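Trainee: What would the 3D arrangement of this be:
(one chain, ligands or ions: 2)
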Amino acid sequence: MDLAIIVPCYNEEEVLTETTARLTGVLERLQQAGQISEGRILFVDDGSRDRTWTLIEQFAAADPRICGLKLSRNEGHQRALWAGLEWAASHADAAVSIDADLQDDVEAILPMVEYFRKGIDVVYGVRKERASDTFFKRNTALMFYRLVNALGGQIVYNHADFRLLSRRAMQALVSFPERNLFLRGLVPLVGYPSATVWYDRHERFAGQSKYPLKKMLSFAIDGITSFSTRPLRYITYLGLLFVLIAIGAIAYALFSYVNHDVMPGWTSLVVSVWFVGGMVLLACGIIGEYVGKIYKEVKRRPHYFVEKEAGSRFSNARTNSSSLAGDNASNLPSA
Ligand code: UDP
Ligand code: MG
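Mentor: Ligands and ions are numbered 1, 2, ... in the order given. Below is the predicted model of the structure:
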């Protein structure tokens, strides 16, 4: 089987040489062990401004196993990865995506491939603990995982974008037509058999994190809003709650008014503040409900993927590696 390793790179000149050496080492070992027939490394240069692309070109010239894709501008990690996946979906039987900075343990690729050979489509690399992250990053990440799951997303705890995908899992993934990419949340929706490989996460090999706080925050907000319309529903609930409070406040204000123990003007103020506030929120919530519906519709996500087919009609069943590139027919009912 052909294995591709996808590496998104943004200004990674400091680590790229080491990364290439380690990854080609892993490919060689896999090949010697007879686990793969061919292996490729695909670097996706996400609009770097340093020598990253020059290095990739040099590596590719020196080693036929190495290739590169250069994006026209900095599109962000998720889109760079997506570009790599689209390429791999038509060039490889399976692909492992890994960050360029060697924080993820390249050794974990070996058990991933083993799982793939046992017929598993998705292998999540999950880090054992986050000792190498700062206190802040560790805890904000934990909060984020909890929040996404509480809001109805399904992400794997402590799993970043280090994973193996079979060809059909990649094809399924790239068939999601949405523009807000949050791969971590999309992969579980593919639903094919999956497994987990545990590894220790290291310090960045060299260079700075390409995810400063600002990018992290926008990644988190994208993650939540591209999976959940629940925040909109909470506005509706809040509006309802305020209307209920308003009814109580109005009753109280009228009661006080009748008993003449109020300053002139107080009753009308209290009544209108609560009532109008509640109604405005409720109206926002109702509009939000429709916006949420539109949002879900415009994503035009595929409804399902067929995992297995049985029966004589499918005697020449399309399995893992033989499914055709871009074969959308497998998403259709088999009637
Ligand atoms: N990356 C990218 N585009 C970006 C930011 C990051 O392709 O705009 C790549 C980066 O080169 C690395 C991976 O995404 O391979 C993860 O980034 P980083 O290690 O800086 O993030 P952290 O581990 O600090 O969360
Ligand atoms: Mg990193």
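Trainee: residues from this protein in reach of ligand 2?
Mentor: With the criterion set to Cβ under 5 Å from the ion, the chain comes near ligand 2 through 99, 101, 103. All C-beta spots, glycine's among them, are computed from the backbone N, C-alpha and C.
Trainee: So the second one sits against residue 11, correct?
Mentor: No: Residue 101 is not in contact with residue 11 according to Cβ atoms under 8 Å; the separation is 10.7 Å.
Trainee: what does whichever strand or helix holds residue 42 rub up against?
Mentor: Here residue 42 sits within strand 38-45, counting by DSSP states H and E. With contact meaning Cβ atoms under 8 Å, 6 or more residues apart in numbering, strand 38-45 is reached by 2-10, 16, 20, 23-24, 27, 30-31, 52-53, 56, 59, 65-71, 80-81, 83-84, 87-88, 91-92, 100.
Trainee: surely residue 26 meets residue 108?
Mentor: No: Residue 26 lies out of contact with residue 108 (Cβ under 8 Å); the separation is 9.6 Å.
Trainee: Could you check which of residue 101 and residue 11 is surrounded by more residues?
Mentor: Applying other Cβ atoms under 10 Å to residue 101 and residue 11 shows that residue 101 carries more neighbours, namely 23 against 19.
Trainee: Would you mind giving both backbone torsions of the more buried one?
Mentor: With angles defined as degrees, to the nearest 10, residue 101 sits at phi -90, psi 10.
Trainee: Spatially, what comes nearest to it if we skip its sequence neighbours?
Mentor: Using Cβ to Cβ, 6 or more residues apart in numbering and skipping the chain neighbours, the partner closest in space to residue 101 is residue 204 (4.5 Å).
Trainee: for the closest residue to ligand 2 within the stretch 201-335 of the chain, what are its contacts?
Mentor: Of all residues in the stretch 201-335 of the chain, residue 204 sits closest to ligand 2, at 5.3 Å by Cβ to the ion. The contact partners of residue 204, taken as Cβ under 8 Å, 6+ apart, are 15, 101-103.
Trainee: helix/strand/coil for the residue nearest to residue 101?
Mentor: Following DSSP: H, G, I helix; E, B strand; the rest coil, residue 204 is assigned to coil.
Trainee: picking up where we left off before, filter the contacts of strand 38-45 to keep only those in contact with ligand 1.
Mentor: With the criterion set as Cβ under 6 Å from any ligand atom, the members of the contacts of strand 38-45 near ligand 1 are 8-10, 80, 100.
Trainee: Now intersect those residues with the strands, please.
Mentor: 8-9 (DSSP state E).
Trainee: Find the pair from the ones next to ligand 1 among the contacts of strand 38-45 with maximum spatial separation.
Mentor: Maximum pairwise distance among the ones next to ligand 1 among the contacts of strand 38-45 (Cβ to Cβ): 10.1 Å, between 80 and 100.
Trainee: thinking again about what came up before, shared neighbours of residue 101 and residue 11, which are they?
Mentor: residue 207.
Trainee: related to what we said a few turns ago, most neighbours among the contacts of residue 204, please name it.
Mentor: Ranked by neighbour count (other Cβ under 10 Å), these have residue 101 at the top, with 23 neighbours.
Trainee: give me every residue that touches that residue.
Mentor: Residue 101 touches 12, 15, 19, 204-207, counting by Cβ under 8 Å, 6+ apart.
Trainee: Now the buried members of the residues you listed.
Mentor: 12, 15, 19, 204-205, 207 (16 or more other Cβ atoms under 10 Å).
Trainee: Report the entries of those that also contact ligand 1.
Mentor: Okay, of those touching ligand 1 (Cβ under 6 Å from any ligand atom), that's residue 12.
Trainee: Which one of the buried ones among the contacts of residue 101 is nearest to residue 164?
Mentor: residue 19 (17.5 Å).
Trainee: Dig out what residue 124 forms beta bridges with.
Mentor: Counting by DSSP bridges, residue 124 is bridged to residue 163, residue 196.
Trainee: quick one: low-confidence parts of the stretch 201-335 of the chain?
Mentor: For the stretch 201-335 of the chain, applying pLDDT under 70 flags the ranges 312-335.
Trainee: Tell me which residues are up against stretch 107-126.
Mentor: 1, 3, 5, 26, 29-30, 35-36, 94, 96, 98, 104-105, 156-160, 162-166, 168-169, 187, 190, 192-199, 320.
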